[in-house]
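J.: I need the structure of the sequence given here:
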Amino acid sequence: MPVHPTAIVDPGAKIDPSAEIGPFCVIGPEVEIGAHTRLMAHLYVEGPTTIGEDNIFFPYASIGVASQDLKYKGERAITTIGNRNRIREFVTVHRGTEGGGLVTSIGDDCLLMTYAHVAHDCRIGNHVILGNSVGLAGHVTVEDWADVSPFSGVHQFCRIGRHSFIGPYSVIKQDVMPYSLTSYQPEVQVYGANSIGLSRRGFEKSSIEALQTSLRLLTRAGLNTTQAVERIRAEVSPCEEVDTLLEFIATSERGIVKG
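T.: Numbering: from 1, shown residues only. As a prediction, this is how the structure comes out:
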């Protein structure tokens, strides 16, 4: 196991022999690091934290540290990070709290850019991108393939739907619909489907058109959400993506961003 002589690794940590621990890293007890994961330099990782395989952590990130939530009283809580993630400089990931299930989790194949913050009890899916200085408050859920642009902030308990794109400098206070393009200009609102992103990921043209029609009914037709959903069910050709959109709306507790 290549561990730099300046690194401090607690005897209670479990590190795969193929992992790499760079200069001046500090690895606490109850930290598990999987195969071929690389900590470049000056990383601080506190347990209980489990990190999977083939991840790369850039300098000065802090992982698994105690929550900033004033209700946190030191209860045992964990952080889990999957495989093939890229965690850039100065990223902070805080472990869970009793009020949120005691777990903060990040899936696979995610990119967290410089200064991104993942607060307590957040659940991040797979293939997620968090841009520079994105801040997720506690209890935020970010579903697969969501892309949050730089300098955006997400309020506690919000959900970011799958395959959605959030433009830079957005302040998100309600749930962001899956497959949508949401941005701040001059206020946070939906600009239709994330057509370019969906096309690049191989979605059928008919599905993208159905989503585009559905989102226009939700945001541009002068209808309330209930009326828009009724119109979608009556007029839009059914497909898996539209079903996912409607299920997301039906289960929203904070309401959805419409603009």
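
J.: element containing Ala228, please.
T.: Ala228 belongs to helix 225-235 when assigned by DSSP states H and E.

J.: same deal with Thr213?
T.: Going by DSSP H and E, Thr213 is part of helix 205-219.

J.: Counting neighbours, what do you get for Arg233?
T.: 12 (other CB atoms under 10 Å). Glycine gets a C-beta too; all of them are placed from N, C-alpha and C.

J.: can I assume it is in contact with Leu246?
T.: Yes: Arg233 is in contact with Leu246 according to CB atoms under 8 Å; the separation is 7.4 Å.

J.: Common neighbours of those two, please.
T.: Common neighbours of Arg233 and Leu246, counting by CB atoms under 8 Å, 6 or more residues apart in numbering, are absent.

J.: What is the next helix or strand after the helix holding Ala228 packed up against?
T.: Downstream of helix 225-235, the first helix or strand assigned by DSSP H and E is helix 240-250. Counting contacts by 3 or more CB pairs under 8 Å, 6 or more residues apart in numbering; DSSP states H and E, helix 240-250 is packed against helix 205-219, helix 225-235.

J.: buried sites along the helix holding Thr213?
T.: Ser207, Ile208, Ala210, Leu211, Gln212, Thr213, Ser214, Leu215, Leu217, Leu218, Thr219 (16 or more other CB atoms under 10 Å).

J.: same check, this time on stretch 33-46
T.: Under 16+ other CB under 10 Å, the buried positions of stretch 33-46 are 33-34, 36-46.

J.: roughly how far is that stretch from the heart of the chain?
T.: The chain centre lies 20 Å from the centre of stretch 33-46; the measure is CA atoms, centre = their mean, to the nearest Å.

J.: Residues touching that stretch, excluding its own?
T.: 4, 13-16, 18-28, 31, 51-66, 83, 95.

J.: show me where pLDDT drops low in the stretch 101-250 of the chain?
T.: In the predicted model of the stretch 101-250 of the chain, no residue satisfies pLDDT under 70.

J.: would you list every one of the strands in it?
T.: Counting by DSSP state E, counting those that start in this stretch, the stretch 101-250 of the chain has strands at residues 103-106, 111-112, 117-118, 123-124, 129-130, 135-136, 141-142, 147-148, 153-154, 159-160, 165-166, 171-172, 180-184, 188-193.

J.: Determine which stretch of those is the most buried.
T.: Of all the strands of the stretch 101-250 of the chain, strand 159-160 carries the top mean neighbour count, a mean of 28, counting by mean count of other CB atoms under 10 Å.

J.: Contacts for it next, please.
T.: 140-143, 146, 148, 154, 166, 172, 175-176, 248, 252, 254.

J.: re earlier: greatest separation within the buried residues of stretch 33-46: which pair is it?
T.: His36 and Glu46 (22.0 Å; CB to CB).

J.: Just confirm Leu181 contacts Leu198, I think it does.
T.: No: look at Leu181 against Leu198 with CB under 8 Å: they stay out of range, at 9.8 Å.
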